[in-house]
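Visitor: Structural data only, the sequence is not supplied:
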């Protein structure tokens, strides 16, 4: 284990939101220090990290100084500009690696990658011109959903097609950016698998959780989800297949639709994932520590679930529920964001169920 | 609950060691920020706190600036100089309050306080002169243990009396500082109760844990401890009595000897306590969060134990066990201390048992 970072080493984290914040806390438990890189002033993660760089992702001087000051680089979001990665990769290992980023930054690349692995996805069609848009509608049909290939999250960069005459305007609505048109999948539930892979290739997956969204944003995750045991095994094997194919190091979130007996991959995220927040109170080693262990070259920890949990997100004004939640039997996790905005993730709570 | 601190408020913490570090992490979960005051450079808590002041406890300018920048002041150790408290108390509430500090800073005051409450302590005698030392030896007998009244911890400031001729030199050995001579107690085990009291007077106690010391330093705490149910109840009631008598706000550690059917109070600590570290993996709300909730005027959380835990301290070179422990089913908590020294607490691990 020569690659294993010793206590005192510094984890560089690109992005200082709530995921970077919880990664930093997990790193501290292992005696590791954190350096946050974020373009915004006073990022939430900065409140619990030893070092913070406030600079944009095209500030090469700042990137160089950051890269030289850390022992490994990880990130809390997948949309890191390629130029930043080019500057950083000579200075410290980037984990998960660039292949994982390349695949997950582009919905088309991601879907093709998944299909090449023999995994099921929603039917999809590439849309880079209005003409391709018209072809895609004929091929995929309606209802369907047009998504920008890059930079979409939490329902942003998406337009639903319902068969109305305005469907053809959707491509223009999304700025004529490269898109994929995705067919709807009939599914009974959405589940996700939070999976981890170490530097040594060891794989560990958490129990699948069941997700419910509201207004395009994750609302609750409940673990365990009620699906056949064989399907849980399938979900975990599928996640491991993705990890191995990407020679992945770190935690990966895999969102899956349960459609009859089939598991259809909705999307993958090369990072800790909102649907894995339940692990903070359901397992000894949460997804954040598992990710830090992986990127720091440590052995993965025991991700076994000791408790059943329902995680509830606190979105926007939900944060005012804290006054009441503080009197209830639940574990509160707030993100230290100064301003409450509609749709902004302000925190979450884990209920033992 | 007008007294309740809102997310974004700042907890001032005197002392930046491992207890301050874990308090800071717990505060962050509630959306509260931390400001560490510590005389030493690069305190462990500074790695996970937003603000750090490095200054001595007699630096009035630094104390004033610190006191003005925080919403409440708490501490990780009881030996805070009175002058510092005098300067701070006009600027922000100090919790737990000064009565708790006054009682626990002096072994004599503490023992008299406990006896006044009707609680049992080891037999003791005040020693401020050599003549009183001789009287104390006659009264308490040997074996017994001479302890400085102030500034003792982890076996420091103590001399054992065994009946040898050198016993009479013990007072000089401890610098002729005010001492108490304590008689030995025959006990079958040492347990401790980690108890919390809120601003509203609500009391919550964790299950008693069983402590084993090595070389005068806590080695392991195991929960639950095997004692009669009635004795657990007695221990908890006794802790609540202490909390109420001190109009206490925060977490208090109470060390108890089990002697036959009797519980004898060894000492109390007006802060989070090493023997309560098991709560991090045995409860949803750990002692650190419970303390922060109390001092921030929040309702206390649910301190119920969901798992049985054995906590092992990593003292000095024990920290090298981490390489092996990382492969085991346990939760690691390192303190981010740069230098390993004999007797220094470097971290702890919690095993689910």
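Guide: Done, it's in. Computed from a predicted model, the values in this text were never measured in an experiment.
Visitor: Going by C-alpha atoms from here, please, whenever you check contacts or count neighbours.
Guide: Will do.
Visitor: which residues in the stretch 1-150 of chain A form helices?
Guide: A:18-29, A:60-69, A:82-88, A:98-105, A:107-116, A:130-140 (DSSP state H, counting those that start in this stretch).
Visitor: between these, which one is nearest to chain B?
Guide: Comparing those by their distance to chain B (Cα to the nearest Cα), the top pick is helix A:18-29, with 4.6 Å.
Visitor: Just give me how far that closest one sits from the chain centre.
Guide: What separates the centre of helix A:18-29 from the centre of its chain is 15 Å, taken as Cα atoms, centre = their mean, to the nearest Å.
Visitor: quick one on the thing from earlier: most neighbours per residue, which of the helices of the stretch 1-150 of chain A?
Guide: helix A:18-29 (a mean of 28; mean count of other Cα atoms under 10 Å in any protein chain shown).
Visitor: and it, what's its mean pLDDT?
Guide: The predicted model assigns helix A:18-29 a mean pLDDT of 98.
Visitor: Wondering if that helix reaches chain B at all.
Guide: Yes. Contact of helix A:18-29 with chain B (Cα under 8 Å from any Cα of the partner chain) involves A:25, A:28, A:29.
Visitor: Could you do stretch A:293-310 as well?
Guide: Yes. Using Cα under 8 Å from any Cα, stretch A:293-310 reaches chain B at A:298, A:299, A:300, A:301, A:302.
Visitor: Any chance of those residues in a markdown table with neighbour count, distance to residue A:122 and pLDDT as columns?
Guide: What follows is these, written out as a markdown table (neighbours: other Cα atoms under 10 Å in any protein chain shown; distance: Cα to Cα, whole Å; pLDDT from 0 to 100):
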| residue | neighbour count | distance to residue A:122 | pLDDT |
| --- | --- | --- | --- |
| A:298 | 23 | 36 | 97 |
| A:299 | 25 | 35 | 97 |
| A:300 | 27 | 32 | 97 |
| A:301 | 26 | 33 | 95 |
| A:302 | 20 | 33 | 92 |
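Visitor: I would like the residues contacting stretch A:99-111, please.
Guide: Identification of contacts with stretch A:99-111 by Cα atoms under 8 Å, 6 or more residues apart in numbering or on different chains yields A:78-79, A:113, A:121, A:126, A:148-151, A:179-180, A:246, A:248, A:267-270.
Visitor: Can you flag the buried ones in those residues?
Guide: A:78, A:113, A:121, A:126, A:148-150, A:179-180, A:246, A:248, A:267-270 (16 or more other Cα atoms under 10 Å in any protein chain shown).
Visitor: And the residues you listed, which is closest to chain B?
Guide: When the buried ones among the contacts of stretch A:99-111 are compared against chain B (criterion: Cα to the nearest Cα), the nearest one is residue A:248, at 20.0 Å.
Visitor: pretty sure that closest one is touching residue A:96, no?
Guide: Yes. Contact criterion Cα atoms under 8 Å: residue A:248 and residue A:96 qualify, at 5.8 Å.
Visitor: overlap in contacts of these two?
Guide: With Cα under 8 Å, 6+ apart, residue A:248 and residue A:96 have no common neighbours.
Visitor: residues from the stretch 201-350 of chain A in reach of chain B?
Guide: Going by Cα under 8 Å from any Cα, the residues of the stretch 201-350 of chain A near chain B are A:281, A:284-285, A:298-302, A:326-338.
Visitor: least confident pick among the buried ones among the contacts of stretch A:99-111?
Guide: On pLDDT alone, residue A:150 ranks lowest of those, at 88.
Visitor: how about the nearest residue to that residue, chain neighbours excluded?
Guide: Nearest residue to residue A:150, sequence neighbours excluded (Cα to Cα, 6 or more residues apart in numbering or on different chains): residue A:106, at 5.1 Å.
Visitor: quick one, phi/psi of that neighbour?
Guide: phi -130, psi 120 (degrees, to the nearest 10).
Visitor: ok, it to residue A:241 distance?
Guide: Separation of residue A:106 from residue A:241 (Cα to Cα, to the nearest Å): 19 Å.
Visitor: More neighbours: which of those two?
Guide: Applying other Cα atoms under 10 Å in any protein chain shown to residue A:106 and residue A:241 shows that residue A:106 carries more neighbours, namely 20 against 17.
Visitor: Check whether the nearest residue to residue A:350 once chain neighbours are set aside sits in a helix, strand or coil.
Guide: What sits nearest to residue A:350 in space, not counting adjacent residues and going by Cα to Cα, 6+ apart, is residue A:311, at 4.5 Å. Secondary structure state of residue A:311, per DSSP: H, G, I helix; E, B strand; the rest coil, is strand.
Visitor: right, and residue A:311 touches residue A:353 too?
Guide: No. Using Cα under 8 Å as the test, residue A:311 is too far from residue A:353 to be in contact (10.0 Å).
Visitor: Of the two, which one has the most company?
Guide: Comparing residue A:311 with residue A:353 by other Cα under 10 Å, the one with more neighbours is residue A:311, at 28 against 12.
Visitor: Please name the nearest non-neighbouring residue to residue A:92.
Guide: In space, residue A:92 is closest to residue A:72, 5.3 Å off (Cα to Cα, 6+ apart).
Visitor: State the distance from the one you found to residue A:3.
Guide: Relative to residue A:3, residue A:72 is positioned 11 Å away (Cα to Cα).
Visitor: Between those two, which has more neighbouring residues?
Guide: With neighbours defined as other Cα under 10 Å, residue A:72 and residue A:3 compare such that residue A:72 has more, 22 against 11.
Visitor: That one pairs with what?
Guide: Bridge pairing for residue A:72 (DSSP bridges) gives the partners residue A:11.
Visitor: That one against residue A:12, yeah?
Guide: Yes. Because the distance of 5.9 Å satisfies Cα under 8 Å, residue A:72 is recorded as touching residue A:12.
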